[in-house]
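1. Need coordinates for the below:
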Amino acid sequence: MIPQTDPKASYLAHREGIDAALARMLESGRYILGQEVSSFEREFADYLGLAESIGVANGTDAIHVALRACGIGAGDAVITVSHTAVATVAAIELAGALPVLVDVDPVTYTIDPEHVREAIRAQQGSGLPVKAIIPVHIYGHPADMPTIMDLAREHGLRVIEDCAQAHGAAIDGRKAGAWGDMAAFSFYPTKNLGALGDGGAVATNDPELAARARLVREYGWRERYISSIPGMNSRLDELQAAVLRVKLRHLDADNERRRAIAAAYNSLLAGTAFVLPGVRPGCTHVYHQYVIRAAHRDELRAYLRERGVGTLIHYPAPVHMQPAYDGRVPVPGGMGVTERLAGDILSLPIFPELAGEQVERVAAELAAWTAHVEL
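-> Sure thing, here's the model as predicted:
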């Protein structure tokens, strides 16, 4: 079976370094907010070209902490997309704010700035003004940050980038996460930069926002056991930080391998009826997922499964159509692109350790499918 993703392969590829890092961490006797976390925070900020990063427990908390650091909460609306992991929207509600969901661009599947503009207008006079935008860099392709930042400046809004799938992505050489007021990262094991469990980080160039994020993540403590503001417990632990320090050194090479796999798929699937991933000029895609669009998607997925090819759907239902949110969160514009995507997107196998012959086999099975199915 060719898996769609394989975090164990990542561990095995970097086993020597990871095992040594874990041994060092265990010997230290410090397991919460010690040297491994502080070193990783500094190294990750340097990688992004930012002043600070703050380790937290997971990617959902990273968005939540960033929102609270920016002063976003009850009585505020936050614009984001419906085509995303539900974590993006859940974090907005955890902060006490109202998610306002908009459609995505038909080429990159990232937030459509024109729909953002319409949503800002729609919320005016509602009693819940828009205070922030959370663009999601879905699948590893960066959102249109120059336009989003222009919109934010025009309306006085905060921008928090959801970079859970975009470690190392960039626009004109500037990393995803280095555009907005703050950025939120997940280090879930299958991410481009993945830990051996949950983990996350908030990153920023603003020292005041960084200081506030550090307060929020640990009970609002400036001194131990004394809360200066209401906070929470969301700490990246030493074990995960030790692993992430090792993997960060290999992130660019791993992303380059992902791009090579994507290029192979593009070549092998050229001329087929599948819609292949688009890349905007100037953007560096890191292919957290390689997502095609296919007619008869569910039948194709079953066909591939029978032939030993694993796939996933990211994501089968837009957030605004899920039972927890349907009819409860504002959707001020149409969701034509988002709703079409949910019916025909399919994530093919992609991870740095995927062998060339496995990529060729996946493409061959897709070609065989098109030979006997009218698309």
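2. Please, where are all the helices along the stretch 101-250 of the chain?
-> Under the criterion DSSP state H, counting those that start in this stretch, the stretch 101-250 of the chain contains helices at 113-123, 145-155, 207-217, 238-248.
3. Can you lay out those helices as TSV showing distance to A317, mean pLDDT and mean neighbour count?
-> In this view, the C-beta of every residue, glycine as well, is placed from N, C-alpha and C. Below are the helices of the stretch 101-250 of the chain laid out as TSV (distance: least, Cβ to Cβ, whole Å; pLDDT from 0 to 100; neighbours: other Cβ atoms under 10 Å):
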stretch	distance to A317	mean pLDDT	mean neighbour count
helix 113-123	19	96	19
helix 145-155	25	98	17
helix 207-217	31	98	20
helix 238-248	30	98	24
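4. Of all these, which one comes closest to V329?
-> V329 lies closest, by Cβ to Cβ, to one member of those: helix 113-123, at 11.6 Å.
5. Check which helices and strands the closest one sits against.
-> Helices and strands touching helix 113-123, by 3 or more Cβ pairs under 8 Å, 6 or more residues apart in numbering; DSSP states H and E, are strand 77-81, strand 98-102, strand 130-133, helix 145-155.
6. Contacts for the last one, please.
-> So that's helix 145-155. Helix 145-155 is contacted by residues 111, 113, 116-117, 120, 130, 133, 135, 157-159, 161, 171, 176, 179-180 when judged by Cβ atoms under 8 Å, 6 or more residues apart in numbering.
7. Kindly recompute the last result at 6 Å.
-> For helix 145-155, the external contacting residues (Cβ atoms under 6 Å, 6 or more residues apart in numbering) are 113, 116, 120, 133, 135, 159, 171, 179.
8. The fourth one contacts V81, doesn't it?
-> Spelled out, it's I133. No - contact criterion Cβ atoms under 6 Å: I133 and V81 do not qualify, at 10.1 Å.
9. H372: which of the helices and strands packed on helix 113-123 is closest?
-> Here strand 77-81 is closest among those (Cβ to Cβ), at 35.9 Å.
10. Off-centre distance for the closest one?
-> Taking Cα atoms, centre = their mean, to the nearest Å, one finds strand 77-81 lying 16 Å from the centre of the chain it belongs to.
11. CA atoms only for that strand, dumped as PDB, please.
-> Extracted in PDB, the C-alpha atoms of strand 77-81 (Å, rounded to 0.1, in the frame of the first residue of the first chain):
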ATOM      1  CA  ALA A  77     -15.900  39.400  13.900                       C
ATOM      2  CA  VAL A  78     -13.000  37.600  12.200                       C
ATOM      3  CA  ILE A  79     -13.100  36.800   8.400                       C
ATOM      4  CA  THR A  80     -11.700  33.500   7.300                       C
ATOM      5  CA  VAL A  81     -12.500  30.800   4.800                       C
END
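12. Spell out which strands sit alongside it in the sheet and which way each one runs.
-> With DSSP bridges as the test, strand 77-81 is paired with strand 98-102 (parallel), strand 130-133 (parallel).
13. now those strands in TSV, with mean neighbour count and mean pLDDT?
-> Shown next, in TSV, are those (neighbours: other Cβ atoms under 10 Å; pLDDT from 0 to 100):
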stretch	mean neighbour count	mean pLDDT
strand 98-102	25	98
strand 130-133	25	98
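14. just to revisit the earlier point, what would the helices of the stretch 101-250 of the chain look like in TSV with distance to A45?
-> Shown next, in TSV, are those (distance: least, Cβ to Cβ, whole Å):
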stretch	distance to A45
helix 113-123	28
helix 145-155	18
helix 207-217	9
helix 238-248	11
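15. Tell me which of those approaches G17 most closely.
-> Nearest of these to G17, taken as Cβ to Cβ: helix 238-248 at 4.2 Å.
16. so which of the helices of the stretch 101-250 of the chain gets nearest P318?
-> P318 lies closest to helix 113-123 among the helices of the stretch 101-250 of the chain, at 13.4 Å (Cβ to Cβ).
17. Phi first, then psi, for the most centrally placed residue in the chain.
-> Nearest to the geometric centre of the chain sits A164, at 2.2 Å (Cα atoms, centre = their mean). Backbone torsions for A164, taken as degrees, to the nearest 10, come to phi -60, psi -30.
18. That one touches N58, doesn't it?
-> No - between A164 and N58 there is no contact under Cβ under 6 Å: 9.6 Å.
19. now the residue nearest to the centre of the chain: how far from E43?
-> Separation of A164 from E43 (Cβ to Cβ, to the nearest Å) stands at 19 Å.
20. picking up where we left off before, JSON lines for the helices and strands packed on helix 113-123, including distance to L312?
-> Listed next are those as JSON lines, based on distance: least, Cβ to Cβ, whole Å:
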{"stretch": "strand 77-81", "distance to L312": "19"}
{"stretch": "strand 98-102", "distance to L312": "22"}
{"stretch": "strand 130-133", "distance to L312": "28"}
{"stretch": "helix 145-155", "distance to L312": "27"}
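21. what's near enough to touch the nearest residue to the residue nearest to the centre of the chain once chain neighbours are set aside?
-> Leaving aside its chain neighbours, A164 sits nearest to S186 (3.8 Å; criterion: Cβ to Cβ, 6 or more residues apart in numbering). Taking Cβ under 6 Å, 6+ apart as the criterion, S186 is in contact with 59, 164, 200.
22. Done for today, thanks.
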